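Trainee: My questions are about this predicted structure, shown below with the sequence.
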Amino acid sequence: MSLSRLLEELAEARLIAKFASGVLQAARDQFTIENASTIERVETASANVGRLESAVRETALERYAVDGNKKPTPGVAIRVLTKLNYDPAAALAWAKEHTIALALDKRAFSKIANVDPPAFVEVTEEPQATIARTLKEDHASSNTHQQ
């Protein structure tokens, strides 16, 4: 299939998708209007659940701090997690010294290598096709000789 024909089909498909998206948004807006009180009840109930869950967790942790009981009541348990706190610079120095736990920051390296590539970096170019967000229907007909 020619590039011009593909662009025509793409332009048409985008129009159909945009129209369908508009229809869907209108239906969502209508649903929101028709169900505003139900939506408000759900939001209020969800906020209440969140507030009560936080209160249960806080109260359970307070009890655990006093008595060490990991199962204060049915449905509630205390899980003790191990957390590591360390200075990242000290950790990096340790990793270098032991030559383990090292990882390349690919994003930072790529920025540096784009400016001043080390000898082991091969710089290549890779073509990538881009498509305009808006396609004019007459674009395809004016470019039929470019296939």
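Mentor: Everything's here; your move.

Trainee: By mean pLDDT, which helix or strand of this structure comes out lowest?
Mentor: helix 137-142 (a mean of 50; mean pLDDT, DSSP states H and E).

Trainee: Spatially central, which residue of this protein would that be?
Mentor: residue 107 (17.6 Å; Cα atoms, centre = their mean).

Trainee: Name the surrounding residues that touch the helix or strand encompassing that one.
Mentor: Residue 107 belongs to helix 106-115 when assigned by DSSP states H and E. The contact list for helix 106-115 (Cβ atoms under 8 Å, 6 or more residues apart in numbering) reads residue 121. In this view, the C-beta of every residue, glycine as well, is placed from N, C-alpha and C.

Trainee: I'd like the distance between residue 66 and residue 53.
Mentor: Computed as Cβ to Cβ, to the nearest Å, the residue 66 to residue 53 distance reads 21 Å.

Trainee: And for residue 136?
Mentor: According to Cβ to Cβ, residue 136 stands 54 Å off from residue 53.

Trainee: Am I right that residue 56 is in a helix?
Mentor: Yes. The assignment for residue 56 by DSSP: H, G, I helix; E, B strand; the rest coil puts it in a helix.

Trainee: mind showing which ranges of the protein have poor pLDDT?
Mentor: In the predicted model of the chain, residues 137-147 satisfy pLDDT under 70.

Trainee: Run through the helices of it in chain order.
Mentor: With helices called from DSSP state H, the chain shows them at 3-34, 36-67, 88-98, 106-115, 137-142.
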